[in-house]
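Trainee: Fold the following and give me the result.
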Amino acid sequence: MEELLVPYRNVVFRDPMGLLVILIWEPVPDSLWEQMNQAILMYLKIATVFSYTPVIGNHSSISLTYHQAKFEVYKESKLSPFIRTAKEIIGRRFHESALSLEGVASELNVSPVYLSRTFKQETGISFVSQLTQTRIKQAIRLITTTDLPMVLIAEQVGYDSQHYFSTAFKKVVGLPPNQYRKEGTGV
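Mentor: You can find the predicted model right below:
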């Protein structure tokens, strides 16, 4: 992990619960998390649970963000391998506008009804809500770290229509994406 983190300003430490915590002071490519996961699996032969949680606001938000990430790790570690795989598919392919419950169920060789029910039982939210949250979280990252126009951000997070993206964003965040960017909410 340390080799993969060399290009980034970071701090790595173990918290009192034994979790490995990485603080990075700049945006990193999404592929970095998968590379670290693969390296740990290959060299240490252990499965990992990651939670990437960007700090929203100023430095005083770091503690809250750390606690949110820790909660996500504990929640994720209790999931069955089946649901963890479904969430990994969402995390890897959220940018595909055709990604759907039916397609993922087919890929996992189960019925959409079974995937939907099991997903909701284990995570507390629906498959579609997880997909939407993942897309919006990535959109927030792009809005706060790039100057890309909203139409391109919408495409990069899996929405065919900028209008539908704006509607989904406002429903989750409470503000339209343009206003979110203008107000500097994530900076």
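Trainee: ok, residue 83 touching residue 120?
Mentor: No - counting by Cβ atoms under 8 Å, residue 83 stays clear of residue 120, with 9.9 Å between them. For the C-beta atoms, the positions are set from N, CA and C on the backbone; glycine is no exception.
Trainee: which ones are touching the residue nearest the centre of the chain?
Mentor: In the chain, the centroid-proximal residue (Cα atoms, centre = their mean) is residue 134; its distance is 5.0 Å. Shown in contact with residue 134 (Cβ atoms under 8 Å, 6 or more residues apart in numbering): 90, 91, 94.
Trainee: How far does stretch 106-122 sit from its chain's centre?
Mentor: Stretch 106-122 sits 20 Å away from the centroid of its parent chain (Cα atoms, centre = their mean, to the nearest Å).
Trainee: in it, what counts as buried?
Mentor: Neighbour counts over stretch 106-122 (16 or more other Cβ atoms under 10 Å) mark 115, 116, 118, 119, 122 as buried.
Trainee: Okay, strands next: where are they in the protein?
Mentor: With DSSP state E as the criterion, the chain has strands at 10-14, 20-24.
Trainee: what residues does stretch 26-43 touch?
Mentor: Applying Cβ under 8 Å, 6+ apart, the contact partners of stretch 26-43 are 1, 4-5, 8-9, 46-48, 50, 52, 92, 138, 141, 145.
Trainee: isn't residue 165 right up against residue 159?
Mentor: Yes - if you go by Cβ under 8 Å, residue 165 and residue 159 touch, sitting 3.8 Å apart.
Trainee: And for the closest residue to residue 111 other than its chain neighbours, the neighbour number?
Mentor: Distances taken as Cβ to Cβ, 6 or more residues apart in numbering put residue 105 closest to residue 111, at 6.1 Å, once the chain neighbours are dropped. Residue 105: 19 surrounding residues under other Cβ atoms under 10 Å.
Trainee: Residue 129 now?
Mentor: Residue 129 has 14 nearby residues by other Cβ under 10 Å.
Trainee: Check the spacing between it and residue 135 real quick.
Mentor: Here the criterion is Cβ to Cβ, to the nearest Å. By it, residue 129 lies 11 Å from residue 135.
Trainee: How about residue 53?
Mentor: As judged by Cβ to Cβ, residue 53 and residue 135 stand 16 Å apart.
Trainee: before we move on, the earlier item: pick out the lowest-pLDDT one from the contacts of residue 134.
Mentor: pLDDT across the contacts of residue 134 is lowest for residue 91, at 88.
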